[in-house]
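Asks: The sequence and its predicted three-dimensional model are supplied below.
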Amino acid sequence: MQKLVGQTAIVTGASSGIGKACAIALGLDGANVVVNYAGNSAGADEAVETIKNEGGNAIAFKADVSKQDQVKAMFKAAVDTFGTVDILVNNAGLQKDARFTEMSLADWQFVLDVNLTGQFLCAQEAVREFQRRGMSGSKALGKIICMSSVHELIPWAGHVNYAASKGGVMLMMKSLAQELGPMKIRVNSIAPGAIKTPINYSAWHTPEAEARLLKLIPYKRVGETEDIGNVCCWLASDESDYIHGATIFVDGGMTLYPGFEDNG
Ligand code: NAD
């Protein structure tokens, strides 16, 4: 049975990887979907087509989540097309890796702007829309799902901008959950471990790289984007109505300190 019929979701950064899988999963679960993209529209168009082919509703919308005017335009398009927004999946994110002393201020700022400020801007517009519209077809006034990472918890040398952004997402999510819970707005995070997408292609695309990666994963499987899409649908649905302010780790056990397994 479809769990999200009559609801509308915006998924940011949904032209590839995890965002695309979440958009498709939400669409197949009955939600109208705004498939956000920042650059080339091809992946977003594919997601829209997949949803429509299964009888769902979706549009693609170009917006840079770190730009407030573009975020506002995306929410306006969602409301103009589907009436309101019920679910925000704050997924857009990127990496600009460098050893600490080589990291430029521009690369620090760029990652924080997209990964953290982008989530702030989209969450703010979502909350404003939830409040304007009032209760609709869900137990909650609205739902916000932040795409975090195991690196909201695990430090990551050579990726200090990315780790700082995800640490920021963790406390932004929890602070929003504390503030918005009384309004019946549910806020949670998904923290993926290693999922096969373009962002970490070099970490899994050769057998040697994959073997190195598997040492960090007790469950001995690199994740697929559908692993996240499934959790996203459940977290957006009323089945998870009492989950609030939580980070759901979807990581095959990466956060279990696997280095200790054979250490004495
Ligand atoms: P991805 O590169 O396929 O997806 C990221 C998407 O964000 C891309 O479609 C990109 O175009 C979009 N994007 C980048 N800047 C944007 C902007 N300014 N505005 C709008 N969209 C923008 O990689 P992914 O792995 O699917 O990453 C999705 C999210 O999952 C990210 O937040 C990432 O940090 C998180 N994550 C991924 C993994 C993993 O193993 N793949 C692990 C932990 C967390």
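Replies: Ah, there it is.

Asks: Hmm, residue 9 is touching residue 84, no?
Replies: No - at 11.0 Å, residue 9 and residue 84 do not qualify as touching, with contact defined as C-beta atoms under 8 Å. Placement of C-beta: from N, CA and C, glycine included.

Asks: Correct me if wrong: residue 165 contacts residue 112.
Replies: Yes - between residue 165 and residue 112 there is a contact under C-beta under 8 Å: 5.4 Å.

Asks: what about those two, which has more around it?
Replies: The neighbour comparison of residue 165 against residue 112 (other C-beta atoms under 10 Å) goes to residue 165, with 27 against 17.

Asks: Which one of residue 9 and residue 84 is surrounded by more residues?
Replies: residue 9 (30 against 18).

Asks: list the helices and strands the helix or strand hosting the more buried one packs on?
Replies: The secondary structure element spanning residue 9 is strand 8-11 (assigned by DSSP states H and E). Counting contacts by 3 or more C-beta pairs under 8 Å, 6 or more residues apart in numbering; DSSP states H and E, strand 8-11 packs against helix 17-28, strand 32-37, helix 68-82, strand 87-90.

Asks: and stretch 66-80, which residues are buried?
Replies: 66, 70-71, 74-75, 77-79 (16 or more other C-beta atoms under 10 Å).

Asks: Out of the residues you listed, which comes closest to residue 205?
Replies: When the buried residues of stretch 66-80 are compared for distance to residue 205, the smallest value, 28.4 Å, is given by residue 66; criterion: C-beta to C-beta.

Asks: list the contacts for the closest one?
Replies: Neighbour list for residue 66: 113-114, 117-118, 121 [criterion: C-beta atoms under 8 Å, 6 or more residues apart in numbering].

Asks: And for residue 241?
Replies: When the contact criterion is C-beta under 8 Å, 6+ apart, the partners of residue 241 are 139-140, 186.

Asks: Same question for residue 259.
Replies: Residues near residue 259 by C-beta under 8 Å, 6+ apart: none.

Asks: again, only using 10 Å
Replies: If you count contacts by C-beta atoms under 10 Å, 6 or more residues apart in numbering, residue 259 has them with 215-216.

Asks: Also residue 122?
Replies: For residue 122, the contacting residues are 10, 12, 36, 63, 65-66, 68, 71, 74-75, 85, 88-92, 144, 146, taking C-beta under 10 Å, 6+ apart as the criterion.

Asks: Separate out the buried members of those residues.
Replies: 10, 12, 36, 63, 65-66, 71, 74-75, 85, 88-92, 144, 146.

Asks: Spell out which residues are contacts of both of residue 9 and residue 84.
Replies: Common neighbours of residue 9 and residue 84, using C-beta under 10 Å, 6+ apart, are 32, 78.

Asks: re the thing from before, overlap in contacts of residue 165 and residue 112?
Replies: In contact with both residue 165 and residue 112: residue 118, using C-beta under 10 Å, 6+ apart.

Asks: ok, which stretches of the stretch 101-250 of the chain are helices?
Replies: Under the criterion DSSP state H, counting those that start in this stretch, the stretch 101-250 of the chain contains helices at 105-112, 118-133, 160-180, 201-204, 207-214, 225-236.

Asks: wait, which of the ones you listed is closest to the ligand?
Replies: Smallest distance to the ligand across the helices of the stretch 101-250 of the chain (C-beta to the nearest ligand atom): 5.9 Å, for helix 118-133.

Asks: in the closest one, what counts as buried?
Replies: Of the residues in helix 118-133, those with enough neighbours to count as buried (16+ other C-beta under 10 Å) are 118-123, 125-127, 129-130.

Asks: Format these as TSV; extra columns: distance to residue 150.
Replies: Written out in TSV, the entries for the buried residues of helix 118-133 read as follows (distance: C-beta to C-beta, whole Å):
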residue	distance to residue 150
118	20
119	17
120	21
121	24
122	22
123	21
125	28
126	25
127	27
129	31
130	29
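
Asks: How about the residues of this structure by the ligand?
Replies: Within the chain, the positions lying close to the ligand (C-beta under 6 Å from any ligand atom) are 12-13, 15-19, 36, 38-39, 64-66, 91-94, 114, 118, 147, 149, 192, 194-195, 197-200.

Asks: Which PyMOL command selects the buried ones in these?
Replies: Listed next is the PyMOL selection for buried residues among the residues of the chain next to the ligand, using 16+ other C-beta under 10 Å:
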select buried, resi 12+13+15+16+17+18+19+36+38+64+65+66+91+92+93+94+114+118+147+149+192+194+195+197+199+200
